[in-house]
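Peer 1: Here's my sequence, what's the structure:
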Amino acid sequence: MANSTIDVIGVVVHTGQVGTLKLKTGETRDKRNLVIGDDTNFSISVTLWGETAAKLDLKPGMMIACKQCKISEYNGKSLNGSSSLSDYVIGSVNHVRATAI
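Peer 2: All right, here's what the predicted structure looks like:
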């Protein structure tokens with residue numbers, strides 16, 4: 001299942017600060033970790049990269065839908081979010097499960 005991609009919907013439980021990661025190439029990239037959860041009390045860490053890390057104004061309690069998250073199994077399961085802003089919907093998510101959360 002590692003390296004597969006999935007779409008997820010959840011409530012933001014925790015948001016970390018935007019940080020900068022230095023890549024092996026010498027370039028830098030913005031990075032931000034957040035935790036999302038659902039109505040079953042399941043939660044998972046999602047790492048946001050690039051412009052999404054800095055531009056998404058996320059606060060605990062907000063609903064978020066993330067498309068094309070890559071599943072990672074490094075230190076347990078987590079998700080790496082897309083670096084495209086168009087792959088995120090914040091707030092009003094039109095999905096049958098979203099209304100249940």
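Peer 1: quick check, residue 53 in a helix?
Peer 2: Yes. Checked against DSSP: H, G, I helix; E, B strand; the rest coil, residue 53 lies within a helix.
Peer 1: tell me the contacts of it?
Peer 2: Counting by Cβ atoms under 8 Å, 6 or more residues apart in numbering, residue 53 touches 18, 30, 31, 32. For the C-beta atoms, the positions are set from N, CA and C on the backbone; glycine is no exception.
Peer 1: can you put those residues in a markdown table and add neighbour count, secondary structure and pLDDT?
Peer 2: A markdown table is the format used below for these (neighbours: other Cβ atoms under 10 Å; DSSP: H, G, I helix; E, B strand; the rest coil; pLDDT from 0 to 100):
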| residue | neighbour count | secondary structure | pLDDT |
| --- | --- | --- | --- |
| 18 | 14 | coil | 95 |
| 30 | 17 | strand | 94 |
| 31 | 18 | strand | 94 |
| 32 | 20 | strand | 95 |
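Peer 1: can you pull out the strands in the chain?
Peer 2: Secondary structure of the chain (DSSP state E): strands at 5-15, 19-22, 28-37, 43-49, 63-72, 78-80, 88-90.
Peer 1: Among those strands, which comes closest to residue 57?
Peer 2: strand 88-90 (7.8 Å; Cβ to Cβ).
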